[in-house]
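**Q** sequence isn't available, so here's the structure alone:
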C-alpha cells in the first residue's frame, strides 16, 4: 500500500507538539527517541517496500521487455526477410539487366568488330583494286608508248625502205644508163680500135713487106756469104728447135692454155674491177648515207634513251610517291580506325552514362515534390540588374578561350542551376543526417540509461540511476539536442498511455 497522505501526518505533528510541551526533558528526549526510532523503522519499511515494488516492477518489465523483444525480433525478421527478398529480387533484376546489357554490349562490339573487319576488307579490296588499276593504267600507258614507238619504228623503217628501194631503183637505172654508156663507149672504142688496127696492120704489112724485101735483099746478099754458116747454124737451129719443141711441147700447150686463161681472167678481173669500183662507189655512198642515218638515228636513239630514262625516273618517282601516299593513307586509315574505335568506345561510354543518368532521373522523378514537378528548373537568385549585366556580357565577344567555351554551353544553364539546387539539397540532407545521427546517438544513450535503470544488478545499482527522481530532478544530466532552425526537427518518440496500460496488464 501507499504511505498516508500529508494532511493526516500534519494533524499528528500538531498533536505531538502539544504533548511535548507538557512533558519533561527526559520524557521529551525519550519520546523523541521513540519517534526517531519509529520514523527509522517506518523509513526502513518504506525502503523495503519500495525495493520489493521495484523488484516486482523490474521483473514485470523484464518479462514484457523479453516478450516485446521477441515480438520485435519476429516482426523484424519478417521485415528483414521481405526487405532481403526485395533486395535479392532487385539485385537479380539488376544482374539480369546488367547481364543483358553486357550481352548487348558484347554483341554490339562483335557487330562493330565484324563491321570493322568488313570495312577493312572493303578498304583492302578497294586499295588493291586501285593499285591494280594504277598498275594496269601504267601498263596501258607503257603499252601505248611501246606501240607508238613500234609504229614510229615501223613507219620510219618503211620510209627508209622506200627511200632505199627508190634509191636502189635510181642506182639500178643509173647503172643501166652507165652500162649503156659504157657499151656505147666500148663500141666506139672497138670501132676506133678496129680502124686503128686496120691502119696499123696495113702499115705493119707495108713495113713488113719493106723489111722483108730488105731482109730478102740482105739475106740474098748474106746468103752467099753465110750460106755455109747458115746451113750449119740452120742445122744446129733445127736440131735445137726440134729438141726445144720436143722439150717444150707440153709446156707450150700449157702456156697456150694458161695464156687463154690469163686473157679470160684478165678480162674477168677487169670486168670485176670495174664492177668493184662501181660497187665501192655505191658502198661509199651507202656508207656515207648510213653514217648520216646512223648519226641521225644515234641522236634519235640517244633522245629516246634519255626520254626512257626520264620516264623510268618519273615512273620510280611516281612509284615512290604512290608508296609514300599509300603509307600515309595506311597511317591515316590506322589512325582513323583507332580514333573511330576510341570515338565508338567513348560514345558507348557516354551512351551507358546517359542510360544511367536516365535511369537515375526516372528513379529520382518518383521522389520529386509537386513543386519540382510543376517547376523543374528553380528560379534564378540574381537581381534584375544582375540579369541585365549578364545579358550585356553575353552579347559581347569573348576575349578568353574559357569564356568562348562557356558561351557554347550556355544552353546548359538551366541544367546546372537544377544541379546546383540538387547539390544544395544534398548538403542540407547530409547536414540533417549528421544532426539526426547525433540525436540518434543521444537517444540510444538515453535508451541504454533507461534499460540500465530498469535492470537490477550490483553494477547498475552502484552507478547513477536515471529513474530515481528527487524533488523533480534526476541524477543524470540529460542534454537536449541542439535545435538548428535550418534543419527539419527529428521525429520524437511518444509512448501512448493505452499501450503502456495494456503492456502492464499483460
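**A** It's in. Note that the structure is a prediction, hence the values are computed from the model and not measured.

**Q** for the one helix or strand residue 109 maps to, packing partners?
**A** Using DSSP states H and E, the element containing residue 109 is helix 25-365. Counting by 3 or more Cβ pairs under 8 Å, 6 or more residues apart in numbering; DSSP states H and E, the packing neighbours recorded for helix 25-365 are helix 6-22, helix 413-454, helix 497-505. Placement of C-beta: from N, CA and C, glycine included.

**Q** pull the distance from it to the chain's centre.
**A** Mean C-alpha position of helix 25-365 versus that of the full chain (Cα atoms, centre = their mean, to the nearest Å) differs by 29 Å.

**Q** starting at the chain centroid, how far to the helix or strand following it?
**A** Using DSSP H and E, the helix or strand that directly follows helix 25-365 along the chain is helix 370-374. Centre-to-centre, helix 370-374 and its host chain are 49 Å apart (Cα atoms, centre = their mean).

**Q** buried ones in helix 370-374?
**A** Residues of helix 370-374 classed as buried under the neighbour-count rule (16 or more other Cβ atoms under 10 Å) are residue 372.

**Q** give me the residues contacting that helix.
**A** With Cβ atoms under 8 Å, 6 or more residues apart in numbering as the test, helix 370-374 has contacts from residue 365.

**Q** which helices and strands does the following helix or strand past that helix pack with?
**A** Reading on from helix 370-374 to the C-terminus, the next helix or strand found by DSSP H and E is helix 384-395. Using 3+ Cβ pairs under 8 Å, 6+ apart as the contact criterion, no secondary-structure element is in contact with helix 384-395.

**Q** now helix 384-395: buried residues?
**A** In terms of neighbour count (16+ other Cβ under 10 Å), helix 384-395 has no buried residues at all.

**Q** next, the angle from that helix to helix 413-454.
**A** Interaxial angle, helix 384-395 versus helix 413-454 (axes from the mean of the first three to the mean of the last three Cα atoms, to 10 degrees): 130 degrees.

**Q** give the rounded mean pLDDT of helix 384-395.
**A** On average, the pLDDT along helix 384-395 is 75.

**Q** ok, stretch 271-285 next?
**A** Averaging pLDDT residue by residue across stretch 271-285 gives 79.

**Q** test my guess that residue 315 contacts residue 138.
**A** Yes. In terms of Cβ atoms under 8 Å, residue 315 counts as a neighbour of residue 138; the distance is 7.2 Å.

**Q** where in the stretch 201-350 of the chain is pLDDT low?
**A** 215, 219, 222-223, 226-227, 229-230, 233 (pLDDT under 70).

**Q** if we can go back for a sec, among the helices and strands packed on helix 25-365, which gets the worst mean confidence?
**A** Note on the helices and strands packed on helix 25-365: lowest mean pLDDT is at helix 497-505, with a mean of 39.

**Q** ok so, going back, now do the helix holding residue 109 and helix 413-454, the angle between them.
**A** Relative orientation of helix 25-365 with respect to helix 413-454: 150 degrees, computed using the same axes, to 10 degrees.

**Q** how near is residue 65 to residue 54?
**A** In this structure, residue 65 and residue 54 are separated by 15 Å, where distance is defined by Cβ to Cβ, to the nearest Å.

**Q** what does residue 208 give?
**A** As judged by Cβ to Cβ, residue 208 and residue 54 stand 208 Å apart.

**Q** what sits up against stretch 336-354?
**A** Where contact means Cβ under 8 Å, 6+ apart, the residues beyond stretch 336-354 that reach it are 101, 105, 108, 112, 116, 120.

**Q** for residue 41, state which of those residues is nearest.
**A** Distances from the contacts of stretch 336-354 to residue 41 were compared by Cβ to Cβ; the smallest belongs to residue 101, at 83.7 Å.

**Q** residues contacting that closest one?
**A** When contacts are counted by Cβ under 8 Å, 6+ apart, residue 101 is found next to residue 352.

**Q** quick check, pLDDT for it.
**A** Residue 101 carries a pLDDT score of 78 in this model.

**Q** what about residue 435, neighbour count?
**A** Residues within reach of residue 435, counting by other Cβ atoms under 10 Å, total 19.

**Q** contacts only, for residue 178.
**A** For residue 178, the contacting residues are residue 278, taking Cβ under 8 Å, 6+ apart as the criterion.

**Q** start the count at 417, not 1, going forward
**A** Sure thing, new numbering starts at 417, so read that last one as residue 594.
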